[in-house]
Structure formats: C-alpha cells, structure tokens
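Enquirer: no sequence on this one, just coordinates:
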C-alpha cells in the first residue's frame, strides 16, 4: 500500500475519528482508559510526540494537562482538522504540528515522552 493510499484512507474517516473517542458506543471507554494510563505514567509535565494523532483529541487532552505536544500525522486533512479543534480548545500555544510529508510510521495513538525524566 502506498503512502498516498494510507493518507486517503485515514482522511476519509476524519470527522468520524474525532467523534469516535467521545461516543459511548464506540471509543469513549478507550479514551477514558488511555487518559487514566497517561495520567498515571507520564510525569507531571514535559514534551510529548503524539504520533499518528489524527484529528488531535489526545493532543488536546495532553495540552490541557500542561504538556507541550507535537502532533504528527500522515494525513494533511487530519492535521487541518486538528488545527481547528486545537484552536477551538484554546491550547494552540502548547501544540506544534509536524509536517504531513514526513516519512513516518508507527501505530495509532503511539505516544513518546522525552525530557528530563526516564522513559516509562
């Protein structure tokens, strides 16, 4: 599968993905459990790379909790959606965006922490 095909696939699900994590019949439990995990294991502040973060739901949550976040995604459409959502949430000062043309790989919702604390 080509990078363009992957981008097109995820771009087609942008709005659905944004809504999914708050839908009690879909991803709300995943979102709640992931937030609990992150709150438990991340240090109180730091820099986070939200790799494959799509429309930015986790990015916003992290920024609201005093993290500096870089959101990276292969889909320019999802990054555009994320910019809109991040601005609406008022956390734009805490968030940077990686170029959508980066040759990146990884799993959905992969988060990496780097800073003064040891990796957990």
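Expert: On my side now, so go ahead. These numbers come from a predicted model, not from an experiment.

Enquirer: Next, the most centrally placed residue in the chain: secondary structure please.
Expert: Residue closest to the average C-alpha location in the chain (Cα atoms, centre = their mean): residue 53, at 2.8 Å. Following DSSP: H, G, I helix; E, B strand; the rest coil, we place residue 53 in the coil state.

Enquirer: so who does the spatially closest residue to it that is not a sequence neighbour touch?
Expert: Excluding the flanking residues, the one nearest residue 53 by Cβ to Cβ, 6 or more residues apart in numbering is residue 71, at 4.6 Å. All C-beta spots, glycine's among them, are computed from the backbone N, C-alpha and C. Contact partners of residue 71, counting by Cβ atoms under 8 Å, 6 or more residues apart in numbering, are 50, 53, 56, 59, 79, 82, 86, 95, 96, 97, 98.

Enquirer: And the furthest pair within these?
Expert: Greatest spatial distance in the contacts of residue 71: 86 and 98, 13.5 Å, computed using Cβ to Cβ.

Enquirer: ok, those two, which is more surrounded?
Expert: More neighbours surround residue 86 than the other of residue 86 and residue 98, with 22 against 17 (other Cβ atoms under 10 Å).

Enquirer: and the more buried one, that's in a helix?
Expert: Yes. When classified by three-state DSSP, residue 86 is found to be part of a helix.
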